Structure formats: structure tokens, C-alpha cells
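Engineer: Fold the following.
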Amino acid sequence: MIRKSGRILTAVLTGVLAISLVGCGSQNQSQGQSSTSGTQQADQAVTLTGAGSTFVQPLLLQQVAEYQKSHSNVTINYQGGGSGFGIQHLSDSTIDFGATDAFMTDDQLSKAQGGKVLQLPVALGAVTLSYNVPGIPEHIKISPENLANIYFGKITNWNDPALTKDNPDVKFPDLAIIPIHRSEGSGTTSIFTHYLSAISPDWNTKVGSGTSVDWPNPSGKALGAKGNPGVAGAVKSTSGAIGYIELAYALQNKIPYAYMLNKDGKWVLPSLEGASADAASFQIPDDMRVNIVNGPGAAAYPISGFSWALVYQNQTDKAKGTALVNFLNWALHDGQKLAPTLSYVPLPDNLVARETAMLKTVTSGGQPFLK
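Structural biologist: Below you'll find the predicted structure:
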């Protein structure tokens, strides 16, 4: 069962996250993790700026709030904006860290002005197909073929026979389908379109996958919205709408979402267990760049993905580098305890160990922050 968060995050999800955090004046040693060298003096203030993924923003907010209980004098400002926004500003070195649900490509990495970028998975979650159709159940079934045809614009009404075939006990209304998609470069879009490309050769050939695609819109009814909060809001306020959003947003906004037919032919709802089962079937390479959609397994939920923190391996500002490495080290260890409360999967211990080793390669003037 998914545990729903008791907190209302909608207001903060649409704007800038600016929370004062405890700094790294004293060495912070989480259970089972390395201590941090080069920490700030207690009276030294440091401000970090990040931007990018709205997929991970609910978890990041909670991690920041918990971190501030035992630390002071580091301020973290985080603006959502979408994964493409985070990648661009990290590449331009106008922020201290980025967050993305679509790993940076070789071409993007080559254009990063600050040198080598490390990509650290910080969250694992599921993408729902959420809808607003009066009079139907909270969870209907949408097959891969039908989903692709909805976004192709070939299935245009909720009472289409293809949908009723999978839901024989549901009386669908005569209501136009309004497909909602992201309007900006989005890692959630990358997860969703990689899934569509995996299950539909036509989609793979004609539309493809990525943070931005040329969305089919033959009926002229498809709509774009910014961020996971924007898509959630558009679905909730538009009769007949369907859209893809991270599970936390569906739960927090009480938006119905669909069963999906996985690779093993099982109907599954998005869940922590389903996302974990999907990820378990993939080998994660040394650079951490992997798409995990449509994995095998009876329990696997097929539209799942990681969110990565983006950091430069060489930190030119020692104080900022210390603060950033300390926070990420905490988030990968103690901070994972917060993941299930917001419907994210805690990262497995073996992956956290590999990422901790990567953090130990982050340096300033050739000196590592973690030992």
C-alpha cells in the first residue's frame, strides 16, 4: 500500500523553494556514511542555488525541511522549471546544482562550462496516467496501444470501443479526450515518451523520445502545461483530460489514475513496489545513466524513472562545494527515510554506496570533500 503524505505541498511546488538549512559548521556524520572534511566555520553563511526537475521537488522539499532541524547557515534556493531548465542552467554555470529526470546526453555533457558533471540518482518514482472523467472509477485500465493512440490523436472520445473493451463494467460518457502534456523541456516527458517508444514502433519512428517532442495534435484539443504541478492542475480542472504526472502529485491532488498493462501482461497500478520492481531488472552503469521503462516482472510498473542531481566534479568555490556535498551525502543516506512518505522508492543500499564513492571524487583544488 502507498502511504500518502499528510502535508499539503501544492503552493510551494509551483514556485521557488527557498529554505534556510543548517550549514556544515560541524562535521555531519550520518549512520553508516563517511564524515565530511573542509566544513564551514559556524559563523560562515553559504547560499546554494539549484533548479530543474519538478518530479523530485516534493521529496527535495521534505529533505530540506528535515535537514534544517540540525544544521544552520546554509540556504538552499531551488526553482522547479523542468529538467531541461536545470540542465541548461547547470551547463551555463549559473546555478550550483541541477536536478533532472532525463540524464544528460554526451552532447550536453560536452557543453557544460564547469567541466565534468556527475549525475547522481536521488529519487526513484512512478509516472501516473491521471484523468478527469465524471462518473467513472478511480482506476480504469489503459492498455499500451490505447495510450499511444490517445496521444497520437487516434482515440478521441472516452466512449471509444477500444477503451470499453478493456473496461467492460465501466460506462464511459460521450466526452472528448483532452491529452495534456508538458509545455517545456521535461524529464517526466522523457520517461513517458521513452515508454511510448518502447511499446509502440510507430511512436518510436514518428515522434520519438526526449525531454521535448513534437506532440501529435490532429484534433487541436491537446494542451500543454508547465511542470508536474501545471499538468496536475490542468487535468484536475479540465473535463475529459488525461495527463502524465509523478505519483506524489496524483495523490496530493486526489486525481484518479489508471492501471497499466506491464511487459508480463499484468495490470498494475503505480506504486513504490511497482517502481522498485521495474528498476530491479536493469543494470545501472558506472555513469548512472539508464532508462528503466517497461521492465519485465509481474509486479513491475512500466512507467518509472530516476531523478538525478547534477553537480560539477570540480568545485571552484570551496565553501559552496562543502555545503553541497554535505547536503547530498545526507540526502543519499538519512534523507532516504523520507522517500516512502511521499511515494518515492528509497534508493537501494548498493546504489547509495556507489553514489557515495562518486561524491568522494568531488574536489576543490584537488582536495576531496569526503574522505
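Engineer: Just to check, Lys226 is in contact with Ile180?
Structural biologist: No. In terms of Cβ atoms under 8 Å, Lys226 does not count as a neighbour of Ile180; the distance is 11.2 Å. In short, each C-beta sits where N, CA and C put it, glycine included.
Engineer: neighbour-wise, which of those two wins?
Structural biologist: Ile180 (24 against 19; other Cβ atoms under 10 Å).
Engineer: could I have whichever strand or helix holds that one exported to CSV, CA atoms only?
Structural biologist: Using DSSP states H and E, Ile180 falls within strand 178-182. Taking Å, rounded to 0.1, in the frame of the first residue of the first chain, the C-alpha atoms of strand 178-182 are listed here in CSV:
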residue,chain,number,x,y,z
ILE,A,178,-8.1,16.2,-23.9
PRO,A,179,-4.5,15.0,-23.9
ILE,A,180,-2.3,17.1,-21.6
HIS,A,181,1.5,17.2,-22.0
ARG,A,182,4.4,19.3,-20.7
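Engineer: Average pLDDT for that strand, rounded please.
Structural biologist: When pLDDT is averaged over strand 178-182, the result is 98.
Engineer: Ok, stretch 143-154 next?
Structural biologist: 98.
Engineer: Next: stretch 339-359.
Structural biologist: Stretch 339-359 comes out at a mean pLDDT of 96.
Engineer: Show me where the stretch 1-150 of the chain has its strands.
Structural biologist: For the stretch 1-150 of the chain, the strands defined by DSSP state E, counting those that start in this stretch cover 16-22, 46-52, 73-81, 97-100, 117-131, 141-142.
Engineer: Could you dump those strands into a markdown table with mean neighbour count and distance to Gln108 added?
Structural biologist: Formatted as a markdown table, the strands of the stretch 1-150 of the chain follow (neighbours: other Cβ atoms under 10 Å; distance: least, Cβ to Cβ, whole Å):
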| stretch | mean neighbour count | distance to Gln108 |
| --- | --- | --- |
| strand 16-22 | 17 | 24 |
| strand 46-52 | 22 | 13 |
| strand 73-81 | 22 | 16 |
| strand 97-100 | 28 | 10 |
| strand 117-131 | 24 | 9 |
| strand 141-142 | 20 | 32 |
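Engineer: quick one: which of those strands is nearest Lys111?
Structural biologist: Proximity to Lys111 (Cβ to Cβ) singles out strand 117-131 among the strands of the stretch 1-150 of the chain, at 10.2 Å.
Engineer: Could you check the angle that closest one makes with strand 178-182?
Structural biologist: Between strand 117-131 and strand 178-182, the angle comes out at 170 degrees (axes from the mean of the first three to the mean of the last three Cα atoms, to 10 degrees).
Engineer: just use 149 as the starting number from now, easier for me
Structural biologist: Sure, I'll start counting at 149 from here, so that last one is strand 265-279.
Engineer: on that earlier part again, contacts for the strand holding Ile328, please.
Structural biologist: Outside strand 326-330, the residues within contact range by Cβ atoms under 8 Å, 6 or more residues apart in numbering are 230, 298-299, 301, 336-337, 363, 365, 369-375, 378-379, 382-383, 386-392.
Engineer: mind redoing it with 6 Å?
Structural biologist: 298-299, 337, 363, 369-373, 379, 382-383, 386, 388-391 (Cβ atoms under 6 Å, 6 or more residues apart in numbering).
Engineer: repeat for stretch 444-460
Structural biologist: Residues outside stretch 444-460 that contact it (Cβ under 6 Å, 6+ apart): 201, 203-204, 238, 245-249, 251, 262-263, 265-272, 274-275, 339, 343, 408, 410-412, 414, 416, 418, 421-423, 425-426, 429, 440, 442.
Engineer: So in that sheet, which strands flank the strand holding Ile328, and in what orientation?
Structural biologist: strand 371-373 (parallel), strand 389-394 (parallel) (DSSP bridges).
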